Structures are given as C-alpha cells and as structure tokens.
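**Q** Everything below, folded, please.
(chains A and B)
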Amino acid sequence: MYSAECPGAPRSMTGMARAYPVVEIEAAWQEQWLTSGLYEVDNDDPRQKFYALCMYPYPSGSAHQGHVRNYTFGDLVVRYQTMRGFAVLSPFGFDSFGLPAENAAIKTGSHPREFTDARIEELRESVRHLGAVYDWRREVRSHDPTYMRWTQTIFLKLMEQGLVYRKMAPVNWCPGCNTVLANEQVLGDGTCERSGDLVERRDLEQWFFKITEYADELLEGLDDLEWPERVKTMQRNWIGRSEGAMIDLVVDGRPDLAVRVFTTRPDTSFGMTYAVLAPEHPLVDELTTAEQRGAVDELRERVAGASDIERTSSEGGPLTKRGAFTGSYVTNPFTDAPVPLYVADYVLMGYGTGAIMAVPAEDDRDFAFATAYGLPIIRTTEPEGGLPDDFDSAYTGDGIKVNSGFLDGLGVIEAKATAIRWLEDKGHGHGTVNYRLRDWLVSRQRFWGCPIPIIHCPDCGIVPVPADQLPVVAPDDVEFTPSGQSPLATHEGFVNVACPRCAKAARRETDTMDTFVDSSWYFLRFTDPFSPDAPFSPEAAAHWMPVDQYIGGIEHAILHLLYARFFTKALIDVGLAPGVSREPFRSLFTQGMIRMDGSKMSKSKGNLVAPTKYYESVGADGLRLFHLFVGPPADDFDWTEQTDQVIEGCGRFLDRLWRLTTTSYASRPGGATSDEDLEVRRAVHRAIKKVTDDLDRWSYNTAVAQLMELVNHLQRYVRSEVGPAQGVLDEAIDALLLLLAPMAPHVPAELYQRRHGLHIHEEAWPSYDPVLVQAETTTMVVQILGKVRDRIEVDSAISEDEAAALALSSEKIIAELDGRVPSRVISRPPKLVNLVL
RNA sequence: GCCCGGAUGGCGGAAUCGGCAGACGCGGGGGCCUCAAAAGCCCCUGUCCUUACGGGCGUGCGGGUUCGAGUCCCGCUCCGGGCACCA
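**A** This next block holds a predicted model:
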C-alpha cells in the first residue's frame, strides 16, 4: 500500500526511531478504507447482520482520549465481526444540538450552526486519523434539517397518539440569565453555572412525553438484556417501582373531603399518629385554619423560593422550622381516631400523592419529625426478641404486628395484604403500584435545539405544524445577547405565523426539544438515513435492529439509555416502526473513564492530552494498542507521567513485529522438523484460541498480552540455534497479523499486503486446530499438604491412577515423605497431585 | 442513610471452573554491540533468611469451609461510583 522506497528509520517527534514510516503508512491505509467502500454495507447485504454502534458524540472539536478509547473498542468490534463474516453496520453521526454551541455564539457572535459545522469537521477528521472505519454515507447530524424534519414528525405523531402533553411544571429559573436552565447547568450549591445567580423555582407551561406509561415495560425489559448489572440496577432504581396502597383519610368535619396518601407500609396503619401534606399540595389552602394560616404561609413561602438542592440539603434548618400544623384533623380509618394534619417540606409533591400518613415508629423521617414536634409514637412491629423498653430510632425491619387490631400476630408481608384487602372491602383505599419515574420534560427555552413544531392559535389552541411545512428551522438572522435568553422567543419573523387551521394570526412555539430527543432515535435513522418520506423504513429498521453491540460511557447509564428504550417502544406502538425489536440495544458495553489527577479528563477541566502527537510517534496503531492493553476496558484509567512510556512500549511492540516480519531468515537446510517447530505451531494455535476467546469476552488487555507473548516466542525462534522453518514461520506470522488486524489495523494491513498482495481486512478470522491447542505433555505439580514439592513432565491424557503412581514414585517425594505414608492422595490429572498425611 | 463496584510487586495489570500467585507491559539493575551514544539484543527484578543449594512468608484486616482459597462463606476497614427526605 505504502509505495515509497523504505526510507530507513524515520524519527518520531518524541525522538524514538521507528522501524517503519508510521505517518505515511497510516495515511495511505486510511485513504484506502475511506475510498474502497469495504465498510459500506447495503440493506440487502446477504450476509448475516451485525449492528455495531458507539454512542454518537457531541461534536466538541478534535477527538480526545475518551473518544479514542471509545472508537478503538468500537472499531475493533467492527473489524473483528467483519472478518468473522458478518455484514457489519457501522455508522457514525453527531449529536449536534446543544448548549456549548449556543454559549460560543453568545461569546463570539457567530451562528451556532457555523460553530457546530466546524467542530464536526474537526471531529470527523480526527476520527479518521484513528483508522476507525464507518459507512460514512449514513452519517446523520441532529441539526441537519432532513433529520430535524423527522424528529418533529415523531413529536407530532407521539402527540397525536396521546403520548405528549403540556402542563405547568416547576423549572430552574435563573434571574440573571432570564431563562430556564437544565438541571445539569445548576451547580451543586444551587447557583447558575454561567451567571452565578441563585437559581429559583418557577412554574411554566412545559411539554412532556408520557414515559411513565411504559414504566413497567421499561423495568421488565431489563431482565433479558446483556447489559452491565450496574447499569440495569441504576435504571431499576431510577424507575423506582414500589408496591403499596392508596388510603383516603377523611377530613374531620368534612365528610365529603379526603386526603389521599400513598404508603408502602399499609401494615403499619394502626401506628399512624399524624398525616402530612407537601407544601405545594392543592388542599393546603382549604385545610389550613385561620389560626394556623401564618405559620403555614411562612413555610410555603420559604419552600417555594428554595431550589430542590436547598430544600433537600441537610442544612435545611432546624426540624421545628420544617413543618407547620394546618389546624385540621383527618381520621385514621383503621382506628377511627382523628390525627393532626401537618404541612412539611420533607413531603414532596412530585412523588406519590404529595401526602403521607406518618408512622413515626416505623419510618426514620416520620420519627425525626414526630420527636421534634412532640407527636405520639406507636409501635406496630415487634422485632424478633421483643419490643425494647425505650428506643431512639424507627424500626423499619420485619417482625410481628402488635397494637394493630385485626392485624395482630401477622408478619409484615401478610399484614400488608390483609390491610389492603380490608381497605378495599371498606372502600377506604386500594392496593397500588407507584413509580419514582416522572414524565419526561422535553421543552427547553433554548435556541440551538430542534424546534417544537407547534403553533399557538388564539382560537384553535394548540395546532401542529402541517407535515408539508416541516421541518421548522430556526432563523439565521438572529442576535445572541449576553442575557442568555433564546433569540427564538423574540424573533418576530419566526414567532408570527398564520394559524394553519383558521389562517388567523398566531404564534409559534419557541421552545426547542431536549437534545436527548434527538439521540433517542438516531440509531433507527442509521438503518435507512436516506428515506425521503419517513424517518426510516420499517423494513430497514426491522432488519438491522436491535443494535448488537452498543458502546459508550457509563454517564449515559440512565437518561439516554432509558429515553432511547422508551422511544423505540413508543415508535413501534404509534405505528412508525412495526416489526422492530422492542429493546433497541441487545448488548451494551460501558467503557471506563480516563481520569487525570483524580478527575475526568475533559475539555472543561483543561486536562486533555491530545491524541495528535501520538499519531506521529507511535501511530494510531500504537495509541489504539495502548488503550486496549492498559487495563480492562470497563475500568477507569488514570493517566499519569508514566503513561507516555507505556504508549512508547506499544510502539516498540509494533517495531518488533515489523522487523520480525520484514527480515529474511536463512532457510534451514534439510527441511527436518525440530521440537521448536512444533512448539511454535502449538503457540500459534493456542494464541488463536486465546485471542478469539478474549475478544468475545471483552478482555482486550489479555488479548494484546497474548500477541506480545507470541512475538517474543517467534523472536526466540528465529534466533534459535536451529533457525526457523519457513513454512512454520509463515503460518505464525500470518496468524499474528490476522489476530492483530482488528486491534491495530494499519501495520498488519501493510505487512499482509506486502506478503500476499491481499487486503487483510477482507480475510477470514483464523481458526485453530484443536489437536495443536491440546499440549502433548504438561508440567504436573506434586504437593505434600498443599505445598509444591516436585514438578513432573507428564502426558496430558494421564489418568488419575497413573498420575498418583507417578507422584508417589518421584525421588524427591519419596525423600520428602521419609517413610511416612499419605493418608489421602488427591489426584487431579494432568495438573496436580496433592498428598495428605 | 440506602444500593452497587473495588483492594494482588515500585507502577498498570494477569490468574476464565477452588489446583504452580504475579502472565504481559512500564519502571529499575546488570551485560552484549559501539570510539562513544541512541536504537536493538540477552539476563535478573514480590519479600525475608542463606556464600550457595535451598527454605520461610506473601493477594486490605479478622474468622470459617476445604486435601487445597486471590477465587467460596461470615464479620470488618479503606477507596471509588450511583441514588438520596421517593413515603
């Protein structure tokens, strides 16, 4: 491929001499892969499909080490599965809407599109320098109008099918920036990351997706996925399914009015000594008596102004300031006793019904509150060993019900079921399932996102933008001011529009969609990115989906992966994706983070080590090998002062391989086979098996180690006294190059081309001879009481008895035993015999 | 507070099913080559005792199971991550 005469030993920037011209060879092959179309697959490809995908990146400019790691793993999978004979779909795209472009626009005055397009160009270029291969024809970009059109179409389709709605919701409002912030933009201390102002909570009309309608399926679907357990657990916790009961507490003196509470512990109902409303609960006003109005209003005012962070922090103030008595009482239906109704900030409007029955004896928070307010505490669960005389904390464990009327004597589980049956019989409530998962708030008061395709008409109300007017694209003639307010909201030409229904003057929706919407269906678009009249053809999507191997960072463990799963199911249900697998990502791999000085390596931390310099010293191959070799792919990696030396070591390995392959060795006369020949052949076939197994189980570091061992072995072989046999050496080197090809693609491609005139990446993955993998003889360890006393070379197929006999006849063992007779002989042929005295 | 991970030489890590702990690499030491250096090549490199041969100890800590434990069980310590008034 690289055709120049060998220019001797080129010197890299780090001053190390390389055995081969790194930059020229890598550039030539990258050009070849880009133009040859080898990794472009068509939808009617007859080979079995394999969909490999790395999470599409936000285009932040040139690739950093996190990208390199990600795409090295991804490219390995693509090239490996291609060699194994699959039609591998390997697309690339850009998650190109998002705040950094808008912030840059505010700073420099440039349009976010120009900024983004330039960053995309940089990232695409540096990904190519890595030698990673994609079907670039399929590239998608979130901000591309042809993509936006379908994002908006999907929004409207979901709305039409009742999965989108609008309601008032509290948002993070920055008074300095005069806009709403995403949660990620609010710092830990509750201030705005840009202006430093204290973020407030405000209620605004917001758009939502009904992800909660899929809560159960999102939960149950996790069981069958080949995902890291950690990620599944995080999603389960996020969904937060809990079984319990709704109970209606009738207000004293108001038989028509009840406070509905949710509890997971209906078995503790007899211990309810008060009830609590969230400060935002709609019944607070009505149920607060004149005498208590002052205290309640004071509490509500304080809570309303506080951010979530303030409200839930442990510095929320003394407990006595956290609640207020409403003056009203509700009836505990189990005891018919009236209990006081409080308002308290520890009850959240966003979970359950925004109201609770409080059982201080069996709930930590209720216990703390009851203690502070002098409320009674009645224990209803007797732990094993009986009730203690006094106690200073709630008891939340298992036990036998006491003080609980008809529940007395039952265990917690039976008592729950009995209490729910009783509630349902008496009409006081019912069993239910509650989720922590909230509907997905998708509106953002931002410019650089996909506009929500809605028109607000004074007469017709909310009107979808007609399909033939999509996509709604943000205007170019906008000015970004430091206020941070989206210029969309004040752009007359954009906002003013005729109602598509009645033609009267109407206003466009100026909110844009959360960028997680764009990333919730891009993997479907990849299957059919040219489709002119649908987001994708259902046939193409059904063919390629699910993604067989999805690779990305653990930081997307919850949101992106949950939203994408929801979207896939929803798109199927609204008829856009019939026949598509309901779970989009069959197997997920989450790579470890690269850290430096304890924190994540990132642009914002300013601790990037650019890959560029390594492209010139050890090449993309060397850098890729380093990322594969340095440790388990799933583990975090600490970048230190020593890291450059490890990378250089990977470069040296490639040098040795190059010299080994390009040096001519004197053919051994006579053609007789030596022991060394057989040993080399065995080592080769063992390596094929080991590397194949390792690649299949994501143990890339040991796969690289295995190849290093093989090179070391071959190096000894060619320098050995008898010298190498050409046929043996050729078989070994070919296998070595084939095994290395998915990991470090350039050098093996170049060497294979020179050897055979063939493209290594079009070759089949090597297979091994099981006979050669099985060694003829093995070193058997003989232990006395678990301590190694002798090693004997034995036939691998040795029997239990033979092994034992051999061990007992060993001179060393006889001497060591010194006449003692083993009471037991543990024989585990062919590896070990252990003698017990 | 709750839920997950993890702890092995000077360092990154290996040991896939309970069977030789430390593969592979980095770093370090010694040697060869060279006028010299770089590069390359060879040998050594857990720790303690021993001139040697050889032996003792050793996978965060304390117990246990087993002929045998880095690996399994029980109880801790420390580190990392996620969730966090979720009723």
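
**Q** Quick check: nearest residue in space to the most centrally placed residue in chain A, chain neighbours excluded?
**A** Residue closest to the mean C-alpha point of chain A, counted by CA atoms, centre = their mean, is A:A557 at 3.1 Å. Among residues not flanking A:A557 along the chain, A:V231 sits closest, at 4.5 Å (CB to CB, 6 or more residues apart in numbering). Quick note: C-beta positions are derived from backbone N, CA and C, even for glycine.

**Q** Pretty sure A:F585 is one of the things the one you found touches, is it not?
**A** No - counting by CB atoms under 8 Å, A:V231 sits too far from A:F585 to count as a contact (10.3 Å).

**Q** who has more neighbours, the two?
**A** More crowded of A:V231 and A:F585, by other CB atoms under 10 Å: A:F585, with 25 against 18.

**Q** tally of neighbours for A:H756?
**A** So A:H756, with other CB under 10 Å, has 13 neighbours.

**Q** now A:D256
**A** 6.

**Q** which SS class is it?
**A** Following DSSP: H, G, I helix; E, B strand; the rest coil, the label given to A:D256 is strand.

**Q** residue ranges with poor pLDDT in chain A?
**A** A:1-16, A:177-178, A:181-190, A:193-194, A:305-321, A:388-390, A:482-484, A:597-607, A:669-672 (pLDDT under 70).

**Q** Wait, a helix at A:D203?
**A** No - read with three-state DSSP, A:D203 is strand and lies in no helix.

**Q** For it, list the residues it contacts.
**A** A:M168, A:A169, A:P170, A:V171 (CB atoms under 8 Å, 6 or more residues apart in numbering).

**Q** Does RNA strand B have contacts with the top helix by length along chain A?
**A** In chain A, assigned by DSSP state H, the helix with the most residues is helix A:675-696. Yes - Helix A:675-696 is in contact with RNA strand B by CB under 7 Å from any atom of the strand, via A:K690, A:D693, A:D694.

**Q** Buried only: go through those residues for me.
**A** Buried subset of those (neighbour count, 16 or more other CB atoms under 10 Å): A:K690, A:D694.

**Q** my read is A:L623 is in a strand, agree?
**A** No - applying three-state DSSP, one finds A:L623 to be helix, outside a strand.

**Q** wait, what's in contact with it?
**A** Applying CB under 8 Å, 6+ apart, the residues contacting A:L623 are A:V68, A:T72, A:L130, A:P611, A:Y614, A:Y615, A:I647, A:C650.

**Q** And A:E362, by the same measure?
**A** A:E362 neighbours (CB under 8 Å, 6+ apart): A:R265, A:T268, A:G271, A:R379, A:T380, A:T381, A:A394, A:Y395, A:T396.

**Q** Among these, find me the one that's closest to RNA strand B.
**A** Distance to RNA strand B, by CB to the nearest atom of the strand, is smallest for A:R265 among the contacts of A:E362, at 5.2 Å.

**Q** pretty sure the closest one contacts A:K416?
**A** Yes - assessed by CB under 8 Å, A:R265 is found in contact with A:K416 at 7.3 Å.

**Q** how far away is A:A258 from RNA strand B?
**A** As judged by CB to the nearest atom of the strand, to the nearest Å, A:A258 and RNA strand B stand 16 Å apart.

**Q** any shared contact partners between A:V231 and A:F585?
**A** With CB under 8 Å, 6+ apart as the test, A:V231 and A:F585 both reach A:L561.

**Q** Run through the neighbouring helices and strands of the host helix or strand of A:V171.
**A** Using DSSP states H and E, A:V171 sits in strand A:164-174. If contacts are counted by 3 or more CB pairs under 8 Å, 6 or more residues apart in numbering; DSSP states H and E, strand A:164-174 sits against strand A:179-181, strand A:200-209.

**Q** at 10 Å what do you get?
**A** helix A:145-160, strand A:179-181, strand A:200-209, helix A:308-312, strand A:440-441, strand A:443-444 (3 or more CB pairs under 10 Å, 6 or more residues apart in numbering; DSSP states H and E).

**Q** closest one to A:E776 among these?
**A** helix A:145-160 (60.5 Å; CB to CB).

**Q** which parts of that closest one are buried?
**A** Quick answer for helix A:145-160 (16+ other CB under 10 Å): A:147-159.

**Q** mind checking how far the nearest residue to A:T371 once chain neighbours are set aside is from A:M272?
**A** Counting by CB to CB, 6+ apart, A:T371 lies nearest to A:P360, which is 7.4 Å off, once chain neighbours are set aside. Separation of A:P360 from A:M272 (CB to CB, to the nearest Å) stands at 9 Å.

**Q** the more surrounded of those two?
**A** A:M272 (29 against 25).

**Q** give me the beta-bridge partners of A:P170?
**A** Beta bridges link A:P170 to A:D203, judged by DSSP bridges.

**Q** hang on, isn't it packed against A:L348?
**A** No - using CB atoms under 10 Å, A:P170 is not in contact with A:L348; the gap is 11.1 Å.

**Q** who has more neighbours, these two?
**A** A:P170 (18 against 15).

**Q** How far off centre is the helix or strand hosting A:H627?
**A** If you go by DSSP H and E, A:H627 is part of helix A:619-629. Centre-to-centre, helix A:619-629 and its host chain are 23 Å apart (CA atoms, centre = their mean, to the nearest Å).

**Q** The very next helix or strand once past that helix - which strands sit beside it in the sheet, and in what orientation?
**A** Past helix A:619-629, further along toward the C-terminus, the next helix or strand under DSSP H and E is strand A:637-638. Partners of strand A:637-638 in the sheet, by DSSP bridges, are strand A:594-596 (parallel).

**Q** Run a quick neighbour tally on the closest residue to RNA strand B within the stretch 1-150 of chain A.
**A** Nearest residue of the stretch 1-150 of chain A to RNA strand B: A:A17, at 4.9 Å (CB to the nearest atom of the strand). Per other CB under 10 Å, the neighbour tally for A:A17 reads 10.

**Q** for A:V728, same thing?
**A** 21.

**Q** Over to the residue lying closest to A:F585 once chain neighbours are set aside. Which of the three states is it?
**A** Distance criterion CB to CB, 6+ apart; nearest residue to A:F585, sequence neighbours excluded, is A:Y550 at 4.2 Å. For A:Y550, the secondary structure call by three-state DSSP comes out as strand.

**Q** list the contacts for A:Y550?
**A** Shown in contact with A:Y550 (CB atoms under 10 Å, 6 or more residues apart in numbering): A:51-55, A:74, A:227, A:523, A:556, A:561, A:564, A:584-590.

**Q** Can you flag which of those residues belong to helices?
**A** Filtering the contacts of A:Y550 for helices - DSSP H - leaves A:G74, A:F523, A:L561, A:A564.

**Q** Nearest to RNA strand B among those residues?
**A** A:L561 (12.7 Å).

**Q** Does that closest one touch A:V231 like I think?
**A** Yes - with contact defined as CB under 10 Å, A:L561 reaches A:V231; the gap is 7.0 Å.

**Q** Closest residue of the stretch 401-550 of chain A to RNA strand B?
**A** Counting by CB to the nearest atom of the strand, the stretch 401-550 of chain A gets nearest RNA strand B through A:R436, at 3.6 Å.

**Q** Okay, the nearest residue to A:S269 once chain neighbours are set aside and RNA strand B: tell me how far apart.
**A** Nearest in space to A:S269, with sequence neighbours left out and distances taken as CB to CB, 6+ apart, is A:F334 at 4.5 Å. Distance, A:F334 to RNA strand B, by CB to the nearest atom of the strand: 15 Å.
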